[in-house]
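Engineer: Fold the following.
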Amino acid sequence: MHISLDIPDELGPSLAPGQDPARAALEALGLEAYRLRRISGYQLRMLLGLPSRWDLNDFLKEHQVYDYTIEDFEKDLSTIQEFREKQKVDRPA
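Structural biologist: Just a heads-up that it's a prediction; the model follows:
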């Protein structure tokens with residue numbers, strides 16, 4: 001699909017300072033779709049032409065987009081609590 005945007009010349013540098021405006025628009029569109037969970041990480045990689053998951057992770061970190069949800073936190077917290085309980089049981093008195 002080909003999409004074209006008309007942006008006034010005087011706004012281009014403000015919207016994407018030091019960056020190709022077309023690339024900035026593509027990244028912004030992809031990031032928003034990813035944040036809203038409309039596309040997967042793999043789809044975002046393909047859209048942006050990123051060669052690996054590590055490159056995607058770097059891109060997301062650069063744009064302050066993290067995949068760590070409250071559900072992930074709660075699961076991690078539960079695992080830590082279970083581990084601590086197990087340590088108490090396994091320690092000699």
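Engineer: dump the residue contacts of the closest residue to Gly41 other than its chain neighbours.
Structural biologist: Leaving aside its chain neighbours, Gly41 sits nearest to Leu56 (5.7 Å; criterion: Cβ to Cβ, 6 or more residues apart in numbering). (Each C-beta comes from the backbone N, C-alpha and C, glycine too.) Applying Cβ atoms under 8 Å, 6 or more residues apart in numbering to Leu56 gives the contacts Gly41, Leu44, Arg45, Leu48, Leu50.
Engineer: Once you drop chain neighbours, what's closest to the last one?
Structural biologist: What sits nearest to Leu50 in space, not counting adjacent residues and going by Cβ to Cβ, 6+ apart, is Leu56, at 5.1 Å.
Engineer: neighbours of Gly12, just the number please.
Structural biologist: Neighbours of Gly12 under the rule other Cβ atoms under 10 Å: 14.
Engineer: I'd like the average pLDDT over the longest helix belonging to the chain.
Structural biologist: Criterion DSSP state H: the longest helix present in the chain is helix 70-90. Helix 70-90 carries an average pLDDT of 85.
Engineer: Show the low-confidence segments of this protein, by residue range.
Structural biologist: Low-confidence segments of the chain (pLDDT under 70): 92-93.
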